[in-house]
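Colleague: show me how the following folds:
(3 chains)
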Amino acid sequence: MIFLLTDFGAADLYVGQVKAVLHERAPKVPVIDLLHDAPAFNVRAGAHLLAAFAARLPKDSVTLAVVDPGVGGPRDPVAVLADGRWFVGPDNGLISVAAARAAKAETYTIDWRPAQLAATFHGRDLFAPVAAMIAAGTRKAAKLKKRAELAVRLGAEDLGEVVYVDHYGNLITGLRANAVPRDRALVIAGRQVPYAQMFSEVPQGELFWYENSLGLIEIAANSASAQQKLGFTPGERLA
Amino acid sequence: MIFLLTDFGAADLYVGQVKAVLHERAPKVPVIDLLHDAPAFNVRAGAHLLAAFAARLPKDSVTLAVVDPGVGGPRDPVAVLADGRWFVGPDNGLISVAAARAAKAETYTIDWRPAQLAATFHGRDLFAPVAAMIAAGTRKAAKLKKRAELAVRLGAEDLGEVVYVDHYGNLITGLRANAVPRDRALVIAGRQVPYAQMFSEVPQGELFWYENSLGLIEIAANSASAQQKLGFTPGERLA
Amino acid sequence: MIFLLTDFGAADLYVGQVKAVLHERAPKVPVIDLLHDAPAFNVRAGAHLLAAFAARLPKDSVTLAVVDPGVGGPRDPVAVLADGRWFVGPDNGLISVAAARAAKAETYTIDWRPAQLAATFHGRDLFAPVAAMIAAGTRKAAKLKKRAELAVRLGAEDLGEVVYVDHYGNLITGLRANAVPRDRALVIAGRQVPYAQMFSEVPQGELFWYENSLGLIEIAANSASAQQKLGFTPGERLA
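Modeller: This next block holds a predicted model:
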């Protein structure tokens, strides 16, 4: 199975082009969109989202991960095999948090190049074909060359920042929930936010934090938008 | 075939997780997204949208329907077999309008529980596996227990409210078109809106109502946004 | 393979209905979404986007193309076979740019009609079944009648307008890049915009134009939104 995590925009005209390539090269492999609205140009946020997903992905799956503001620049294309799951994308830090948290990770430079490579769409022309080769069992064609480690490494640590705001207005952070005691209130945008296990424990409209379904700390409001209540500005840090 | 109707957000990171579960448990069953931007937290609007879709769905299909602001709270997970079509979701009224309008409906409590159940994502952990079991022909595993009726019932009647605003700015109501005479103007936000059969009958920019492709009354403007023209506020009622 | 290019809205409740029809009539044919947020009601912009995609589509593919503000009015449904690729949609100009640029194009009126045809959703009731018939190899059922040419023809020429703004804020134009010398600055909204090959060549936040992955001129800003920088109003022309 191939999973996609990008900042290409679910509604834009990029994902379909990637899927056409995947289907052409690996027609029998199902493709599932995890997220195409990762914060644009924000490699750090994408890296923490990808790491949260990583532990839940099936073994032998291949994830195409592209948040790549430096596309066409000098960063290498890489593939990482982390605890039995493949990740294909740019060596700009995006895959590095998932790799750092894996018990075992092997890193490869991708030496394969397409006949035509659009300077601004390596997702379609380079990463998608390589993801398809790996998923279809023709990995040799991708010319993977083993190397010691990724060039850009953001580390394995949690990130005390909002990494995604969903359409309910919930704020997903880069903090794993098992690292924070339940009796601790978080502070965001100057507001104290207490813990609750779920929405229905909290009065309508009240702010709380909880462990979301990816294992991350998320700040929400019962049947309301936490983003609106907090007047939240992206990039703001938690305390 | 499995259909999905939720308020998870088409662009957000939830639908992919649901699809990964469906594929794992029912790999040969195609999955089609009907709508993932049903109004958030609005069970009543979702119920009327689902009921409008229901009559058009193929027999033997399974629809996963989740608009569930009380997720993790006391409401039961249920499955309903209505006129040969399965619906799986929370017993909070969401499925009740479709059930009430069916000639024949059987209601089941779902007794199956997963090993791990995220308090805020029953869509992924409970409803998706059960929908997959039913669609894959292994319904017995879902531990369905027949019961008399749904706990929360919104009734079979039409709803004189806007239940969805599409990206054209068209306002879809919960009124079935065959209940309203064609020569009657509707009143919304203080404006009289006459009937027309289709867009091309109406001068550019003019408001009209018509029977939409789901059989519901929809208020539109030819090549313009009815929402902008009406300064429409969600929840406003029609007369 | 069936490709979809429409203004139905990726997040709205229309695309799923189209896919249900395609799956019912051509269950083995994969379906790929190219774009569902083509500018609403804007046939000209859609025609230039479709033409840019056309050259990249696989031979023998079928593209369902619907931007159809006159749906239900007098325009014909048509199918065009252009350089080995099928296009199905309304005869309102949408397919005409792709057809005019093809080395060889055959035009057909679609005489098939469904038992039930919603006045406002020919995409679901007429174009989708016909696209499925062609893709499934049962073209005869679609009752295609050869004719000399399309009724509405927008021509083969480039269009000096923005035809799409993506979620990064990049402005995609209807100008093919190979028609403009690299040393020429473009003028948009009163600003001079120079050429660059890729994002990483340009200082953070600076505007530039480049050849995008569809071969069109696109105006962008490195790690920023060109739309915000330009205070761009849709429809504005380039010089």
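Colleague: please make it C-alpha for all contacts and neighbour counts, starting now.
Modeller: Noted.
Colleague: what's the nearest residue to the closest residue to chain B within chain A if we skip its chain neighbours?
Modeller: Nearest to chain B in chain A, going by C-alpha to the nearest C-alpha, is A:L34, at a distance of 4.6 Å. Counting by C-alpha to C-alpha, 6 or more residues apart in numbering or on different chains, A:L34 lies nearest to B:G16, which is 4.6 Å off, once chain neighbours are set aside.
Colleague: ok so that neighbour is a helix residue?
Modeller: Yes - assessed by DSSP: H, G, I helix; E, B strand; the rest coil, B:G16 belongs to a helix.
Colleague: picking up where we left off before, any idea how far B:L171 is from the residue of chain A closest to chain B?
Modeller: For A:L34, the distance to B:L171 equals 30 Å [C-alpha to C-alpha, to the nearest Å].
Colleague: what of A:L117?
Modeller: Distance, A:L117 to B:L171, by C-alpha to C-alpha: 44 Å.
Colleague: with neighbour numbers in mind, choose between these two.
Modeller: Neighbours were tallied for A:L117 and for B:L171 using other C-alpha atoms under 10 Å in any protein chain shown; the higher tally belongs to B:L171 (23 against 15).
Colleague: over to A:A132. Which of the three states is it?
Modeller: Classification of A:A132 into helix, strand or coil gives helix, according to three-state DSSP.
Colleague: so it touches A:A26, yeah?
Modeller: Yes - with contact defined as C-alpha atoms under 8 Å, A:A132 reaches A:A26; the gap is 5.4 Å.
Colleague: more neighbours: the two, which one.
Modeller: A:A132 (27 against 23).
Colleague: so what's the more buried one up against?
Modeller: Neighbour list for A:A132: A:2, A:22, A:25-26 [criterion: C-alpha atoms under 8 Å, 6 or more residues apart in numbering or on different chains].
Colleague: looking at those, which are in helices?
Modeller: A:22, A:25 (DSSP state H).
Colleague: which one of the contacts of A:A132 is nearest to A:E106?
Modeller: Nearest to A:E106, judged by C-alpha to C-alpha, of these is A:I2 at 18.8 Å.
Colleague: so what's the closest one bridging to?
Modeller: Note on A:I2: beta-bridge partners by DSSP bridges are A:V31, A:V62.
Colleague: dump the residue contacts of it.
Modeller: A:I2 is in contact with A:29-32, A:61-64, A:131-132, A:135, counting by C-alpha under 8 Å, 6+ apart.
Colleague: neighbours around the residue lying closest to A:L230 once chain neighbours are set aside, how many?
Modeller: Leaving out its chain neighbours, the residue that sits closest to A:L230 by C-alpha to C-alpha, 6+ apart is A:A189, at 6.6 Å. Neighbours of A:A189 under the rule other C-alpha under 10 Å: 13.
Colleague: report pLDDT for A:A189.
Modeller: According to the prediction, A:A189 has pLDDT 82.
Colleague: give me every residue that touches it.
Modeller: The contact partners of A:A189, by C-alpha under 8 Å, 6+ apart, come to A:230-232, A:236, A:238.
Colleague: let's have those residues in CSV, adding secondary structure, neighbour count and pLDDT.
Modeller: Converted to CSV, these look like this (DSSP: H, G, I helix; E, B strand; the rest coil; neighbours: other C-alpha atoms under 10 Å in any protein chain shown; pLDDT from 0 to 100):
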residue, secondary structure, neighbour count, pLDDT
A:L230, helix, 14, 89
A:G231, coil, 9, 82
A:F232, coil, 16, 72
A:E236, coil, 12, 69
A:L238, coil, 16, 79
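Colleague: closest to chain C among these?
Modeller: Distance to chain C, by C-alpha to the nearest C-alpha, is smallest for A:E236 among the contacts of A:A189, at 18.7 Å.
Colleague: about what we covered before: let me see the backbone angles for the residue nearest to A:L230.
Modeller: Dihedral angles of A:A189 (phi, psi; degrees, to the nearest 10) stand at phi 50, psi 40.
Colleague: B:A136 versus that one, what's the distance?
Modeller: Distance from A:A189 to B:A136, by C-alpha to C-alpha: 48 Å.
Colleague: how about A:P58?
Modeller: As for A:P58, its distance to B:A136 is 20 Å (criterion: C-alpha to C-alpha).
Colleague: who has more neighbours out of the two?
Modeller: Taking other C-alpha under 10 Å, A:P58 and B:A136 do not tie; B:A136 has more neighbours (18 against 13).
Colleague: thought the more buried one was touching B:P30?
Modeller: No - using C-alpha under 8 Å, B:A136 is not in contact with B:P30, being 10.6 Å away.
Colleague: skipping adjacent residues, who's closest to A:D111 in space?
Modeller: In space, A:D111 is closest to A:K143, 5.1 Å off (C-alpha to C-alpha, 6+ apart).
Colleague: which SS class is the nearest residue to A:E106 once chain neighbours are set aside?
Modeller: Leaving aside its sequence neighbours, A:E106 sits nearest to A:L81 (C-alpha to C-alpha, 6+ apart; 5.1 Å). Following three-state DSSP, the label given to A:L81 is strand.
Colleague: could you report the separation of A:L81 from A:A179?
Modeller: 26 Å.
Colleague: please identify the buried residues of the helix or strand containing A:Q227?
Modeller: Assigned by DSSP states H and E, A:Q227 belongs to helix A:226-230. Using 16 or more other C-alpha atoms under 10 Å in any protein chain shown as the test for burial, helix A:226-230 gives A:226-227.
Colleague: stretch A:50-62 now?
Modeller: A:50-55, A:57, A:60-62.
Colleague: check the offset of it from the chain's centre.
Modeller: A distance of 10 Å separates the centroid of the chain from that of stretch A:50-62, by C-alpha atoms, centre = their mean, to the nearest Å.
Colleague: which outside residues touch it?
Modeller: Contacts for stretch A:50-62 (C-alpha under 8 Å, 6+ apart): A:1-3, A:5, A:65, A:83-88, A:94-95, A:97-99, A:101, A:131, A:134-135, A:214-216.
Colleague: so which of those are in helices?
Modeller: Judged by DSSP H, these include A:97-99, A:101, A:131, A:134-135 as members of helices.
Colleague: around chain B, pick out the residues from chain A.
Modeller: Within chain A, the residues that sit near chain B (C-alpha under 8 Å from any C-alpha of the partner chain) are A:9-11, A:32-37, A:166-168, A:197-201, A:212-213, A:222-223.
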